[in-house]
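Novice: I would like to see how this sequence folds:
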Amino acid sequence: MWRARRAAEACKVCQSLVNARYAVRGPLPLLRLHLISRSLHHLRPLPARPRRPHLPVSCQPFSSLSHLPLRRWKLSPAKPGYQPRRHFWPARLAARLLRLRYLLLGSAVGGGYTAKKTFDQWKDMVPDLSDYKWIVPDFVWQLDEYIDFEKLSQALPDSESLARLLPDLDKLAGSFSLLKDFFSTGHTLVSEVVGASDPLLLLGTSGETAFRATDASESDRQFKKGLLGELIILQQQIREHEEEARRAAGRYNAGYSQQKRQVSDKEKVEQLQEELLRTQLKYQRILERLEKENKELRKLVLQKDDKGIHHRHLKKSLIDMYSEVLDVLSDYDASYNTQDHLPRVVVVGDQSAGKTSVLEMIAQARIFPRGSGEMMTRSPVKVTLSEGPHHVALFKDSSREFDLTKEEDLAALRREIELRMRKNVKEGCTVSPETISLNVRGPGLQRMVLVDLPGVINTVTSGMAPDTKETIFSISKAYMQNPNAIILCIQDGSVDAERSIVTDLVSQMDPHGRRTIFVLTKVDLAEKNVASPSRIQQIIEGKLFPMKALGYFAVVTGKGNSSESIEAIRDYEEEFFQNSKLLKTSMLKAHQVTTRNLSLAVSDCFWKMVRESVEQQADSFKATRFNLETEWKNNFPRLRELDRNELFEKAKNEILDEVISLSQVTPKHWEEILQQMLWERVSTHVIENIYLPAAQTMNSGTFNTTVDIKLKQWTDKQLPAKAVEVAWETLQEEFSRFMTEPKGKEHDDIFDKLKQAVKEESVKRHKWNDFAEDSLRVIQHNALEDRSITDKQQWDAAIFFMEEALRGRLRDTEAVLENMVGPDWKKRWMNWMGRTQEQSIHNETKNELEKMLKCNEEHPAYLASDEITTVRKNLESRGVEVDPCLIKDTWHQVYRRHFLKTALSHCNLCRRGFYYYQRHFVDSELECNDVVLFWRIQRMLSITANTLRQQLTNTEVRRLEKNVKEVLEDFAEDSEMKVKLLTGKRVQLAEDLKKVREIQEKLDAFIDALHQEK
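Specialist: As a prediction, the model looks like this:
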């Protein structure tokens, strides 16, 4: 009896343990008791009774890490009627204990294997972070040198402890199963959700074959490595449990069939559509949350790279490399039939159709100037979108970054774009084909290259150039005729479709619609204004317009307020489509709406086109490079391939060397040139206005007084300016001589035009020092005031200078007389020449005047009136009619020759006059004041030349060199000027060869990076 009571009490204990663990009330079947309780205490089978069906009870999961509450066991008395079996219980107990050992051992081994398998499954589901291995500091990988991992592994729990963790892992798996069951509402809903929100977006219309944004295998490889692994796991779980979804859908349809009598068909459709829309929106929010987390993490990683924490060299992004190729191609002159067929997204549309707004939504910033009905896009704008830590924009030819998160930077960017557009537009034009290149970086931006073109117009309004419409059509066709260009056709949904102009143009360029994406903007206004919503459905399905397209999208780009932010527009767009009847009535599909889906689809189409065409373009440029190199070897075998910029640098160095050579001119050479040029410039004034009037005086005192007065007037007004002018002309001539004189075999005539332009521009910019004339005036005045000739050598030099000057004037006078009277008898007989009638009259007049001078050799310089009458009557008596003016002109030259001959004879007399000069011509009939005058002039010329030489070498040459450097720097920045000054087949061939090599190298680097990304 005591054994029976003991067994009954043990059963009570087991039952209480099970009830406490699983929260089950009432009696428990035998199968639910512990194995020990069944084997030890229930020695006799229970009376047979009908098995009750298993009821679904809510059991609290229990972890092995928690502890059971400690309580005392209370032994209850055995129930009556229990009859234990009478056997030898010690032997049976020993056998049961031995069997329990094997059970425990098997459970431990199985639990360890299960834990290992579960751990491997979770390890496979963890995203591959090998690409981010560089984020972990280097010292982490060296921890094994300082930590004994063997001891650490021994301290970790064994397989039995891991087996006790299984309830916790089951709890985590249950949490994920809840999320899985959320999507498993039915086969129809699951398939719709997967089709509408799959990242592998579909393009196309009903009845046409849709294409995916990326290949399935490529997408798996790409996204499983990223931070969107959670989303991919969810999608895989949905696909794996598709059978369960079908069964759930069957149960759902069976239950729904019972209610079919109460619910009409219309209500059923509306309920299903609303449920589908809610499911899609929930799934879209999950996508947005994951994208936001991915965006923040990538931004954090890129910011760390910018700060240089890891000290690694960042490579250019793939889209930046591709954009550089397009920039080089835009500057390349395709004169060798190598056309630019690289893909880019060409945004075309009617004016005010919303092209710029769509582009701003894709770029996530309001970066373009806006106007109400006014043409704002006046030239193509190439926008390169790439991913970066900060949302910034910068131009290709500028280093300034515009922070697109600040309104002041956005306003400055819009002003800069507008200024560049107006600068590109030439005078008399409205639009320009010159492209503005802009790079926009930011987290979450889709990588692509877009070109915003001027809007297509139908009528030329006042203020526009007459050819504006044709120019816009030609620009649009030039971009769309590229067979690899993706045409993003923008159509305003708020206006009648019959008013569209761009659709006809697009259908001409892409008749089969293989590279066209149609975008219907302002759908919110279209839904309000259009009487028949089915018209919008016809547009999206491609049945209304004659053009064909690869995909059709409907977007909303705001409420028409230019001050709206991108976030506000996006929220308004999502809210509109959430409540739109177009989606609820299935006129539009979920993947055909919002600019987010449009951006993903365009980016995928762009990269697909790039991968298909870039290698073919690289091969064509290789062939072009071979042709150019062969032509260069045949035409210029001994010359290096210097392009225009390299030739300019070479010419620049030569010009600067020639300017420096000016400082190496000897002082003697400068002074001789300056003195000679200055005398040639002032000799006429000295002889005609100073010497001749003074020589007509009667005595030496009057001569000296007249000379001093005229020299003072000359020095105060004309002489300093004339000297500076002579010095500047001398500097120009020397500079030109160094620039233009040939250098022998090293001379390259390709630089002649450039050197001439540099010389002219430098001379034009150069201005002599303003204080030079004032200081020169004082020096010249002091030099002319000095009359003291110190030695005979200076006296003889003055006489020689005077004779040379008078002989030069005498030769000029005789030449004028010969031209006036004609050749003499010797030349007439020797050269068979004759005189004209006018020359004969001048000859007769000259002979008559010479007779008068022979009678009076001291005749004054002017004829009296009675003397003119006498000469005229004498000529008339010989039958020569003569005019009084002719007599005066002839007399001027005759008397001038007579005076110069008399002065030269006086010079010979003054050669021995130095002795009388020292005695101030006292008690002497010889007066040589004219020699003293020429000595003063000669000394003034020498001192002036010396002063000018000092100014040249000390100041003006350096200033000229500075001007030359400035001119060269200005020319270096002016590409048009270099093209104008450096011309020829050699230059153009080298320029084309350089461009083709650069394009090929960039294309090869881009292709290598593209293959690595795959």
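
Novice: hey, where'd the strands end up in the stretch 551-700 of the chain?
Specialist: Using DSSP state E, counting those that start in this stretch, the strands assigned to the stretch 551-700 of the chain run over residues 551-554.

Novice: pLDDT weak spots in it?
Specialist: Counting by pLDDT under 70, not a single residue of the stretch 551-700 of the chain qualifies.

Novice: all strands of the chain, in order?
Specialist: Here the chain has its strands, by DSSP state E, at 202-203, 211-212, 345-349, 381-386, 392-395, 402-403, 436-441, 448-452, 486-492, 516-521, 551-554.

Novice: Kindly spell out which helices and strands sit in contact with the last one.
Specialist: Using 3 or more C-beta pairs under 8 Å, 6 or more residues apart in numbering; DSSP states H and E as the contact criterion, the elements in contact with strand 551-554 are strand 516-521, helix 534-540, helix 595-635. Just so you know, the C-beta spots here come from the backbone N, C-alpha and C atoms, and that holds for glycine as well.

Novice: CA atoms of it as PDB?
Specialist: These are the backbone C-alpha positions of strand 551-554, laid out as PDB (Å, rounded to 0.1, in the frame of the first residue of the first chain):
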ATOM      1  CA  GLY A 551       6.800  52.500 -70.500                       C
ATOM      2  CA  TYR A 552       4.100  54.900 -69.400                       C
ATOM      3  CA  PHE A 553       4.100  56.800 -66.100                       C
ATOM      4  CA  ALA A 554       1.800  59.300 -64.400                       C
END
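
Novice: what residues does that strand touch?
Specialist: Contacts made with strand 551-554 from outside it, assessed by C-beta atoms under 8 Å, 6 or more residues apart in numbering, are listed as 203-205, 493, 517-520, 523, 536, 539-542, 582, 588, 592-593, 597-598, 601, 605.

Novice: cool, the longest one as well?
Specialist: When contacts are taken as C-beta under 8 Å, 6+ apart, the neighbours of strand 486-492 outside the stretch itself are 343-350, 352-355, 358, 450, 480, 497, 500, 502-503, 506, 509-510, 515-522, 539, 545, 547, 549, 602, 605-606, 609.

Novice: in stretch 512-521, what's buried?
Specialist: Residues Gly513, Arg515, Thr516, Ile517, Phe518, Val519, Leu520, Thr521 are the ones in stretch 512-521 that count as buried (16 or more other C-beta atoms under 10 Å).

Novice: I should have written stretch 840-852 there, sorry.
Specialist: Within stretch 840-852, the residues that count as buried by 16+ other C-beta under 10 Å are Ile841, His842, Asn843, Glu844, Thr845, Lys846, Glu848, Leu849, Met852.

Novice: can you check stretch 377-393 too?
Specialist: For stretch 377-393, burial by neighbour count (16+ other C-beta under 10 Å) applies to 377-389, 391-393.

Novice: Enumerate the positions of stretch 420-439 that are buried.
Specialist: Across stretch 420-439, burial judged by 16+ other C-beta under 10 Å covers 420-421, 424-425, 430-433, 435-439.

Novice: Farthest pair within these?
Specialist: Between all members of these, the longest pairwise span (C-beta to C-beta) is found for Thr430 and Asn439 and amounts to 27.0 Å.

Novice: what's the nearest residue to Ile536 once chain neighbours are set aside in contact with, if anything?
Specialist: Here the nearest residue to Ile536 in space, its sequence neighbours aside, is Ala526; by C-beta to C-beta, 6 or more residues apart in numbering that works out to 5.8 Å. By C-beta under 8 Å, 6+ apart, Ala526 lies in contact with Gly493, Ser494, Leu520, Ile536.

Novice: if we go to 7 Å?
Specialist: Applying C-beta atoms under 7 Å, 6 or more residues apart in numbering, we find Ala526 in contact with Gly493, Ser494, Ile536.

Novice: backbone phi and psi for the second one, please?
Specialist: Right, Ser494. Here is the backbone geometry of Ser494 (degrees, to the nearest 10): phi -90, psi -10.

Novice: so it sits right up against Leu525, yeah?
Specialist: Yes - proximity of Ser494 to Leu525 meets the contact threshold set by C-beta atoms under 7 Å, at 3.9 Å.

Novice: partner residues bridging Asp492?
Specialist: Under the criterion DSSP bridges, Asp492 forms beta bridges with Thr521.

Novice: Neighbours of it, how many?
Specialist: Burial of Asp492 is recorded as 22 neighbouring residues (other C-beta atoms under 10 Å).

Novice: Read off the pLDDT value for it.
Specialist: On pLDDT, Asp492 comes in at 86.

Novice: and the closest residue to Leu385 other than its chain neighbours, how far is that from Lys826?
Specialist: The spatially closest residue to Leu385, leaving aside those adjacent along the chain, is Leu445, at 4.8 Å (C-beta to C-beta, 6+ apart). The gap separating Leu445 from Lys826 is 98 Å, by C-beta to C-beta, to the nearest Å.

Novice: Ok, Asn847 next?
Specialist: Counting by C-beta to C-beta, the gap from Asn847 to Lys826 is 17 Å.

Novice: now do Lys888
Specialist: The span separating Lys888 from Lys826 equals 29 Å under the rule C-beta to C-beta.

Novice: quick one: which of Leu445 and Lys826 has more around it?
Specialist: When neighbours are counted by other C-beta under 10 Å, Leu445 comes out ahead of the other of Leu445 and Lys826, with 21 against 8.

Novice: picking up where we left off before, go ahead and confirm the residue nearest to Leu385 touches Pro389.
Specialist: No - using C-beta under 7 Å, Leu445 and Pro389 do not qualify as a contacting pair, with a distance of 11.6 Å.

Novice: and the spatially closest residue to Val932 that is not a sequence neighbour, how many residues sit next to it?
Specialist: Using C-beta to C-beta, 6+ apart and skipping residues adjacent in sequence, the residue nearest Val932 is Arg787, 5.8 Å away. Residues near Arg787, counting by other C-beta under 10 Å, number 14.
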